[in-house]
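Undergrad: please find the sequence and the predicted model below.
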Amino acid sequence: MENSNNWSMVELETPSEDDSFLLTKGEKVKNKNAKQLTWVLLLKAHKAAGCLTSITSALFSFGSVIRRRVATGKTDSSTSNSWFYSCIKVFVWFSLILLGFEIAAYYKGWHFNTYDLHIQHLYTLANPLAVKGVFDLLYSIWVVVRVEYFAPILRSLANVCIVLFFIQSLDRLILCLGCLWIRIWKIKPVLKDGPVDLEDGDGGYYPMVLVQIPMCNEKEVYQQAIAAMSSLEWPKSKLLIQILDDSDDSTTQMLIKEEVHKWQKDGVNIVYRHRVIREGYKAGNLKSAMNCSYVKDYEFVAIFDADFQPSPDFLKRTVPYFKDNEDIGLVQARWSFVNKEENLLTRLQHINLAFHFEVEQQVNGVFLNFFGFNGTAGVWRIKALEGSGGWLERTTVEDMDIAVRAHLHGWNFIFLNDVECQCEVPESYEAYRKQQHRWHSGPMQLFRLCFPAIVESNISIWKKGNLIFLFFLLRKLILPFYSFTLFCIILPMTMFVPEATLPTWVVSYIPATMSFLNILPSPKSFPFIVPYLLFENTMSVTKFNAMISGLFQLGSSYEWIVTKKSGRSSEGDLSLLVDEKPKHQRGTSEPNLGDLKEEIKQKARKSSRKKKHNRIYTKELALAFLLLTAAVRSLLSAQGIHFYFLLFQGISFLLVGLDLIGEQVD
């Protein structure tokens with residue numbers, strides 16, 4: 001095979017007249033062409049064998065992963081016996097029984113198209129003796145039941161979802177047009193005194209600012225968070241940093257306290273607070289901190305989650321917008337993500353969050369002066385916080401709660417799209433799933449609680465309508481409802497009730513268009529538009545379950561689980577910052593204490609690695625079987641686009657159910 005590459009470059013063509021003449025003249029040319037053909041065939045066979053080997057290896061690897069998942073038995077046991085999972089199982093068993101009926105009927109010749117089904121139904125009723133055999137009788141009864149009862153219900157529900165689909169699509173289109181208008185005319189918040197001088201601030205405007213970092217068992221990111229906040233460019237006499245630690249792990253508490261002590265010795269105005277009783281989660285933590293006596297000396301408070309790393313000039317680029325704007329209660333910066341390209345899950349999250357900040361937050365901030373506070377990377381006027389009732393512990397979305405109440409009290413918000421704050425997104429599906437459950441359960445809790453206050457408030461009718469119909473109902477309730485109901489329940493069920501089959505444009509054109517609009521703010525993500533569409537439909541299960549739980553206070557609607565951090569933010573610009581300040585390195589601690597800390601952290605890392613595992617998610621797997629069963633039924637009736645959609649959506653549910661998306665643990 002030494003010269004195989006040379007022979008592979010030879011192009012075999014039909015011999016010309018000259019070649020034919022030469023072939024008749026000598027045996028040597030014949031042997032050469034035969035040898036060329038042999039080498040090409042051998043090369044192609046070699047490539048085919050390599051391809052088959054790779055596919056076989058991938059299949060074996062995939063099978064071994066599945067076997068490990070099943071062997072460990074780590075399932076989503078907390079919700080596997082819930083009412084929602086029970087309903088999905090009913091649909092799965094119902095579809096399996098119907099598929100058996102349809103396959104048997106197909107081979108017996110009782111398979112009907114939608115066109116002639118009604119005629120056959122009338123014929124069966126008029127000629128009962130025409131039906132022979134037990135199976136034929138049962139199948140004819142099923143035909144009558146589905147035509148008379150199931151089809152009208154499915155059609156009505158499908159029509160409702162399609163209308164909601166159109167409304168949601170129109171809302172997305174208007175938001176995108178608003179974002180385009182902002183870009184064309186370069187609209188953005190403007191300072192009354194002109195641009196900010198990042199060297200001197202805004203004309204020497206340095207009000208008293210309080211910086212708060214609520215954290216709970218954040219041993220992966222506490223060091224980088226404290227370093228980033230301690231490096232903010234602001235007069236030390238007018239800046240106080242509060243480390244609000246809710247950790248219940250004594251090792252983590254000791255490490256955070258020691259880190260704070262090191263920065264205190266360097267002259268940073270930073271304090272450590274720890275709550276013994278963790279009531280109210282993050283809202284309770286912030287509320288407790290605001291009750292400190294010295295808070296009355298401060299005018300503004302900047303809030304950051306533990307994985308956020310603002311740039312040193314963050315306060316200089318945000319606080320000046322409050323000057324001479326007494327009606328401004330909040331200035332919010334956008335997020336940027338250091339691990340957005342870590343895996344497929346982080347890439348898909350980046351698409352969603354890019355649309356949220358670039359389109360939703362920016363458009364609402366420019367045209368309505370209102371948007372939901374993101375809970376971090378924002379600066380509040382303390383007067384606005386206290387005047388709106390302060391932090392309340394009644395929901396799991398305390399950030400959205402205070403934003404709505406501040407809006408009802410007449411405060412305006414500013415969103416700065418050009419001011420970014422680095423953070424990280426969840427890298428495992430388990431962490432992302434829990435985060436999304438909280439984010440979609442909390443708004444429904446809040447809607448129930450604040451609906452009377454919205455109706456009775458003194459804001460304009462337009463603002464009331466925006467809060468009730470757009471902010472809560474359309475974007476928090478309708479979106480997960482129709483996504484799950486239409487694509488995960490109605491579509492597969494219509495395969496067994498062909499009288500209610502969804503049109504092709506509902507299945508393909510509109511979802512593709514909406515995915516295209518969602519991906520516009522992150523154009524580099526266009527290659528992932530199909531996985532994004534499938535994954536969003538897959539996540540609709542979690543979002544729908546959370547929405548129902550929050551609306552009716554079911555299950556774990558008030559459960560708060562801190563999103564798992566990986567600490568990848570420390571690999572960014574902060575490493576340069578730490579290098580510039582060698583006296584804050586771990587080695588500057590007392591030798592014995594430093595060795596002890598390092599040993600404790602290594603043990604903590606080892607124990608955390610042992611506890612980490614991938615799970616099997618029962619609801620997603622059940623829906624995978626439902627969709628794949630419907631795909632088989634669609635194949636029998638030769639429905640092209642429906643079959644492909646159900647097949648790929650079922651595979652998507654299967655991959656997510658087996659936790660094969662996101663971080664993989666050996």
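TA: Everything's here; your move.
Undergrad: neighbours around residue 272, how many?
TA: Counted with other Cβ atoms under 10 Å, residues neighbouring residue 272 total 18. Every C-beta, even on glycine, is put in place using the N, C-alpha and C of the backbone.
Undergrad: oh, I was asking about residue 109
TA: Neighbours of residue 109 under the rule other Cβ under 10 Å: 8.
Undergrad: you'd agree residue 210 is in a strand?
TA: Yes - when DSSP: H, G, I helix; E, B strand; the rest coil is applied, residue 210 is found to be in a strand.
Undergrad: hey, which helix is longest across this structure?
TA: Secondary structure of the chain per DSSP state H: the longest helix is helix 27-72.
Undergrad: tell me which strands and helices it is in contact with?
TA: Helix 27-72 sits against helix 4-8, helix 17-25, with contacts defined as 3 or more Cβ pairs under 8 Å, 6 or more residues apart in numbering; DSSP states H and E.
Undergrad: lowest average pLDDT across the ones you listed?
TA: Averaging pLDDT over each of those singles out helix 4-8 as the lowest, with a mean of 40.
Undergrad: mind listing what's buried in the helix or strand following the longest helix of the chain?
TA: Per DSSP states H and E, the first helix or strand lying C-terminal to helix 27-72 is helix 83-108. Of the residues in helix 83-108, 84, 85, 88, 89, 91, 92, 95, 98, 99, 101, 102, 105 count as buried by neighbour count, 16 or more other Cβ atoms under 10 Å.
Undergrad: hmm, residue 618 and the second one touching each other?
TA: Yes - assessed by Cβ atoms under 8 Å, residue 85 is found in contact with residue 618 at 6.0 Å.
Undergrad: chain center to the longest helix of the chain: distance?
TA: 38 Å (Cα atoms, centre = their mean, to the nearest Å).
Undergrad: returning to what we had before: columns distance to residue 399 on top of the buried residues of helix 83-108, output as TSV?
TA: Supplementary listing: those in TSV, determined by distance: Cβ to Cβ, whole Å:
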residue	distance to residue 399
84	26
85	30
88	32
89	36
91	36
92	37
95	41
98	46
99	46
101	51
102	50
105	55
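Undergrad: what's the neighbour count on residue 266?
TA: Counted with other Cβ under 10 Å, the burial measure for residue 266 works out to 11 neighbours.
Undergrad: quick one: mean pLDDT for the one helix or strand residue 163 maps to?
TA: Element membership for residue 163 (DSSP H and E) is helix 151-185. The average pLDDT within helix 151-185 is 94.
Undergrad: flag every buried residue along that helix.
TA: Applying a neighbour-count criterion of 16+ other Cβ under 10 Å, the buried positions in helix 151-185 are 151, 154-155, 157-158, 161-162, 164-165, 168, 171-172, 175-176, 178-179, 182.
Undergrad: now swap in stretch 525-534 and tell me
TA: Neighbour-count burial for stretch 525-534 flags 525, 528, 531, 532, 533, 534 (criterion: 16+ other Cβ under 10 Å).
Undergrad: what about those, which are in helices?
TA: Counted as lying in helices by DSSP H, out of these, are 531, 532, 533, 534.
Undergrad: just name the closest of these to residue 306, please.
TA: residue 532 (28.3 Å; Cβ to Cβ).
Undergrad: for that closest one, give its distance to residue 344.
TA: Relative to residue 344, residue 532 is positioned 10 Å away (criterion: Cβ to Cβ, to the nearest Å).
Undergrad: cool, residue 141 as well?
TA: To residue 344, residue 141 is 47 Å away according to Cβ to Cβ.
Undergrad: these two: which has the busier surroundings?
TA: Neighbour comparison, residue 141 and residue 344: the larger count goes to residue 344, with 16 against 12 (by other Cβ under 10 Å).
Undergrad: quick one, grab the pLDDT at that one.
TA: In the predicted model, residue 344 carries a pLDDT score of 94.
Undergrad: burial check on the residue nearest to it when sequence neighbours are not counted, number of neighbours?
TA: By the measure of Cβ to Cβ, 6 or more residues apart in numbering, the closest residue to residue 344 outside its immediate chain neighbours is residue 661, 5.9 Å from it. Applying the criterion other Cβ under 10 Å, we find 20 residues in the vicinity of residue 661.
Undergrad: phi, psi of residue 661?
TA: Summarising the backbone geometry of residue 661 under the convention degrees, to the nearest 10, its torsions are phi -120, psi 140.
Undergrad: wait, isn't it in contact with residue 347?
TA: No - here residue 661 does not reach residue 347: they are 10.5 Å apart, not a contact under Cβ under 8 Å.
Undergrad: surely residue 623 touches residue 488?
TA: Yes - taking contacts as Cβ under 8 Å, residue 623 lies within contact range of residue 488: 5.7 Å.
Undergrad: now the helices: where do they sit in the stretch 151-300 of the chain?
TA: Assigned by DSSP state H, counting those that start in this stretch, the helices in the stretch 151-300 of the chain fall at 151-185, 222-230, 250-265, 281-290.
Undergrad: please read the previous query as pertaining to the stretch 451-600 of the chain.
TA: With DSSP H, counting those that start in this stretch as the criterion, the stretch 451-600 of the chain has helices spanning 461-465, 479-484, 491-494, 504-507, 509-519, 529-552, 574-580, 591-611.
Undergrad: worst mean pLDDT among those?
TA: Per-stretch averages of pLDDT across the helices of the stretch 451-600 of the chain put helix 574-580 at the bottom, with a mean of 42.
Undergrad: run through the stretch 151-300 of the chain and note the low-pLDDT ranges.
TA: For the stretch 151-300 of the chain, the stretches with pLDDT under 70 are 194-203.
Undergrad: swap the cut-off to 50 and go again
TA: Residue ranges of the stretch 151-300 of the chain with pLDDT under 50: 201-202.
Undergrad: for the lengthiest strand in the chain, list the C-alpha coordinates in CSV.
TA: With secondary structure taken from DSSP state E, the chain has its longest strand at strand 412-423. Taking C-alpha atoms only, strand 412-423 is exported to CSV below (Å, rounded to 0.1, in the frame of the first residue of the first chain):
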residue,chain,number,x,y,z
ASN,A,412,-38.1,53.3,35.8
PHE,A,413,-35.4,50.9,34.7
ILE,A,414,-32.4,51.3,32.4
PHE,A,415,-30.9,48.3,30.5
LEU,A,416,-27.3,48.8,29.3
ASN,A,417,-26.7,46.4,26.4
ASP,A,418,-23.1,47.5,26.0
VAL,A,419,-22.1,46.8,29.6
GLU,A,420,-21.3,43.1,30.1
CYS,A,421,-20.6,41.1,33.2
GLN,A,422,-18.9,37.7,32.8
CYS,A,423,-20.6,34.6,34.3
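Undergrad: what's around residue 239, how many residues?
TA: Burial of residue 239 is recorded as 22 neighbouring residues (other Cβ under 10 Å).
Undergrad: just checking, what packs against the longest strand of the chain?
TA: Using 3+ Cβ pairs under 8 Å, 6+ apart as the contact definition, the elements that strand 412-423 packs against are helix 314-318, strand 328-337, helix 362-367, helix 398-408.
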